[in-house]
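Trainee: no letters, just coordinates:
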Ligand code: CMC
């Protein structure tokens with residue numbers, strides 16, 4: 001963080017003395033006004049529900065230019081990572097700041113692979129859930145329960161513990177997500193097979209059975225790997241901020257990541273891929289392309305409560321670069337599976353075209369986000385709709401950990417403790433019950 005030459009001056013119309021506030025510069029992106037001493041200087045807080053203008057941390061991991069539609073992990077454009085690297089390279093990059101060289105790559109892949117199994121007791125814990133439980137409900141529990149199974153890596157202030165917890169989480173998430181799926185299906189769990197790639201192993205644990213050999217389709221493997229890369233991190237989004245806030249109390253890494261899973265579940269965040277596909281299904285059921293006009297009318301009616309899911313973003317005011325890559329993957333997967341005429345894909349493309357020309361969306365700079373097409377890809381691969389957000393959680397785990405570790409290592413880190421503007425009752429006394 002570099003102090004800028006200029007300062008910000010806050011003045012008051014009631015004659016209170018003005019205060020000078022330091023301004024800091026990042027490497028790219030907007031400067032920030034440092035208000036940490038504001039309360040001590042003025043007795044006032046700032047008010048910013050939803051963090052519309054508040055940087056809650058400094059970070060060197062991910063940068064988004066929302067106007068340009070640019071996403072960089074550690075400086076590398078997402079388009080290059082998605083075409084030149086695999087997910088585990090991306091994990092290494094996010095965790096360590098640089099892409100691995102050949103031997104670092106081999107060692108990292110081996111390390112993650114060595115931790116793919118989960119404690120055998122996990123399956124008995126899983127059995128306590130209803131078979132029809134939502135996989136995100138199950139995953140919130142399973143990830144939180146990891147702290148009960150891996151007591152030797154729960155000290156967030158110990159760098160060795162953080163390192164091993166990071167590897168365990170990245171390695172075990174595919175195993176847990178597929179276990180949650182198999183449990184719901186009533187099928188036997190598949191143990192990880194470590195000579196497969198990260199994505200290939202996940203495909204086998206999801207769709208293989210002990211009765212026959214499972215052959216990984218390289219197009220689907222690559223598509224899944226790309227989904228993982230595109231979802232790996234996204235700077236200070238709701239779930240990442242949740243992980244940071246949760247971890248700021250000194251709780252263990254598994255508990256902090258479980259908080260992230262819970263936050264991701266919501267339809268305004270990771271749950272949007274599920275919501276987007278359900279939306280497409282609904283439009284299709286009501287008549288498909290013919291009904292788009294009517295649907296868009298509902299979306300524009302503020303009283304309807306209907307949103308175009310998979311559209312809009314707090315930061316992107318341009319096409320989400322991940323959506324472009326996801327659309328490309330969508331084309332590849334559908335072609336591989338002979339589903340080029342998939343009605344939902346056609347519907348999604350038509351819906352996108354109409355929305356991008358509509359004044360409502362144009363004036364609000366609402367563009368497709370990553371979730372608009374990721375549901376179609378996942379569905380084509382065979383992943384059930386209610387597991388989409390679980391796949392997102394699997395991929396985002398590395399981002400959560402990288403951000404959590406960055407926070408713990410930051411000398412400016414403090415427990416997160418927002419303030420409030422109190423609007424409730426002033427002090428009052430309890431009277432008799434008869435007078436209430
Ligand atoms: N459909 C219809 N109107 C929308 C939509 C949408 N999807 N998104 C935003 N708007 C309108 C909103 O009603 C508001 O209109 P007005 O100015 O007339 O009141 C304006 O656009 C600005 O929206 P906002 O709600 O102030 O924006 P926000 O930054 O608070 O919300 C968002 C961002 C992603 C929650 C929102 O765009 C949304 O709910 N989108 C649909 C859900 C979705 O696709 N979420 C996935 C996000 S990307 C993956 C991830 O990060 O998890």
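Mentor: Okay, I see it. Just so it is clear, the model here is predicted, and its values are computed rather than measured.
Trainee: closest residue of the stretch 251-400 of the chain to the ligand?
Mentor: residue 312 (2.4 Å; Cβ to the nearest ligand atom). All C-beta spots, glycine's among them, are computed from the backbone N, C-alpha and C.
Trainee: for that residue, what are its contacts?
Mentor: 364, 366-367, 369 (Cβ atoms under 8 Å, 6 or more residues apart in numbering).
Trainee: list phi and psi for it.
Mentor: Per-residue torsions, residue 312: phi 90, psi 150 (degrees, to the nearest 10).
Trainee: distance check, it against residue 364.
Mentor: 7 Å (Cβ to Cβ, to the nearest Å).
Trainee: how about the residues of the stretch 301-436 of the chain that lie near the ligand?
Mentor: Residues of the stretch 301-436 of the chain lying close to the ligand by Cβ under 6 Å from any ligand atom are 307-314, 364, 366, 369-371.
Trainee: of those, which pair is most distant in space?
Mentor: Taking Cβ to Cβ as the measure, those span a maximum distance of 18.5 Å, between 364 and 370.
Trainee: which one of those two is surrounded by more residues?
Mentor: residue 370 (26 against 11; other Cβ atoms under 10 Å).
Trainee: which non-adjacent residue is nearest that one?
Mentor: residue 322 (3.8 Å; Cβ to Cβ, 6 or more residues apart in numbering).
Trainee: quick one: the one you found is in a helix?
Mentor: Yes: under DSSP: H, G, I helix; E, B strand; the rest coil, residue 322 sits within a helix.
Trainee: so who does it touch?
Mentor: Shown in contact with residue 322 (Cβ under 8 Å, 6+ apart): 71, 78, 230-231, 369-370.
Trainee: list the buried residues in stretch 316-332.
Mentor: Using 16 or more other Cβ atoms under 10 Å as the test for burial, stretch 316-332 gives 316-317, 319-330.
Trainee: oops, could you answer that again for stretch 244-258 instead?
Mentor: 244-248, 252-258.
Trainee: looking at those residues, which are in helices?
Mentor: 244-247, 253-258 (DSSP state H).
Trainee: pLDDT below threshold where in the stretch 101-250 of the chain?
Mentor: Across the stretch 101-250 of the chain, nothing is flagged by pLDDT under 70.
Trainee: how about the helix or strand containing residue 177: buried residues?
Mentor: Element membership of residue 177, judged by DSSP states H and E, is helix 159-185. By 16+ other Cβ under 10 Å, the buried positions in helix 159-185 come out as 161-162, 164-184.
Trainee: how about the helices in the stretch 151-300 of the chain?
Mentor: 159-185, 198-207, 218-230, 238-247, 253-264, 272-285, 292-300 (DSSP state H, counting those that start in this stretch).
Trainee: other SSEs contacting the first one?
Mentor: Right, helix 159-185. If contacts are counted by 3 or more Cβ pairs under 8 Å, 6 or more residues apart in numbering; DSSP states H and E, helix 159-185 sits against helix 102-113, helix 122-126, helix 135-149, helix 198-207, helix 253-264, helix 388-409.
Trainee: between the last one and helix 135-149, how many degrees?
Mentor: Here helix 388-409 runs at 40 degrees with respect to helix 135-149, directions being taken by axes from the mean of the first three to the mean of the last three Cα atoms, to 10 degrees.
Trainee: follow-up on the earlier one: pLDDT score for the residue nearest to residue 370?
Mentor: With respect to pLDDT, residue 322 scores 95.
Trainee: and what of residue 260?
Mentor: 98.
Trainee: next up, the contacts around it.
Mentor: 239-240, 242-243, 246, 393, 396-397, 400.
Trainee: contact partners for the residue in the stretch 1-150 of the chain that the ligand sits nearest to?
Mentor: For the stretch 1-150 of the chain, the residue closest to the ligand is residue 50, as judged by Cβ to the nearest ligand atom, at 6.3 Å. Residues counted as contacts of residue 50 (Cβ under 8 Å, 6+ apart): none.
Trainee: now it. Its backbone dihedrals?
Mentor: Dihedral angles of residue 50 (phi, psi; degrees, to the nearest 10) stand at phi 80, psi 0.
Trainee: any idea how far it lies from residue 238?
Mentor: From residue 50 to residue 238 the distance is 10 Å (Cβ to Cβ).
Trainee: likewise for residue 42?
Mentor: 30 Å.
Trainee: residue 280 now?
Mentor: 24 Å.
Trainee: a markdown table for the contacts of residue 260, including distance to residue 106?
Mentor: Formatted as a markdown table, the contacts of residue 260 follow (distance: Cβ to Cβ, whole Å):
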| residue | distance to residue 106 |
| --- | --- |
| 239 | 31 |
| 240 | 29 |
| 242 | 34 |
| 243 | 29 |
| 246 | 34 |
| 393 | 27 |
| 396 | 25 |
| 397 | 22 |
| 400 | 25 |
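Trainee: one step back: contacts with the ligand among the buried residues of stretch 244-258, please.
Mentor: Okay, of these, nothing touches the ligand (Cβ under 6 Å from any ligand atom).
Trainee: and the strand or helix carrying residue 348, how far out from the chain middle?
Mentor: Assigned by DSSP H and E, residue 348 belongs to helix 343-357. Here helix 343-357 is found 24 Å from its chain centre; the criterion is Cα atoms, centre = their mean, to the nearest Å.
Trainee: so which bits of that helix are buried?
Mentor: Buried, per 16+ other Cβ under 10 Å, within helix 343-357: 344-345, 347-348, 351-352, 355.
Trainee: returning to what we had before: so which of the helices and strands packed on helix 159-185 gets nearest residue 63?
Mentor: Closest among the helices and strands packed on helix 159-185, using Cβ to Cβ: helix 388-409, at 13.1 Å.
Trainee: for the closest one, packing partners?
Mentor: So helix 388-409, by 3+ Cβ pairs under 8 Å, 6+ apart, packs with helix 87-96, helix 135-149, helix 159-185, helix 218-230, helix 238-247, helix 253-264, helix 272-285, helix 371-381.
Trainee: other SSEs contacting the fourth one?
Mentor: I take that to be helix 218-230. helix 78-84, helix 87-96, helix 198-207, helix 321-336, helix 371-381, helix 388-409.
Trainee: tell me the mean pLDDT for the fifth one?
Mentor: It stands for helix 371-381. 91.
Trainee: does the closest residue to residue 245 other than its chain neighbours sit in a helix, a strand or a coil?
Mentor: Distance criterion Cβ to Cβ, 6+ apart; nearest residue to residue 245, sequence neighbours excluded, is residue 416 at 4.2 Å. In three-state terms, and counting by three-state DSSP, residue 416 is coil.
Trainee: dump the residue contacts of residue 416.
Mentor: 56, 244-245, 248.
Trainee: which one, of the helices and strands packed on helix 388-409, ends up nearest to residue 202?
Mentor: Closest among these, once you apply Cβ to Cβ, is helix 159-185, at 4.0 Å.
Trainee: could you tell me the angle between that closest one and helix 135-149?
Mentor: Using the same axes, to 10 degrees: helix 159-185 against helix 135-149 is 140 degrees.
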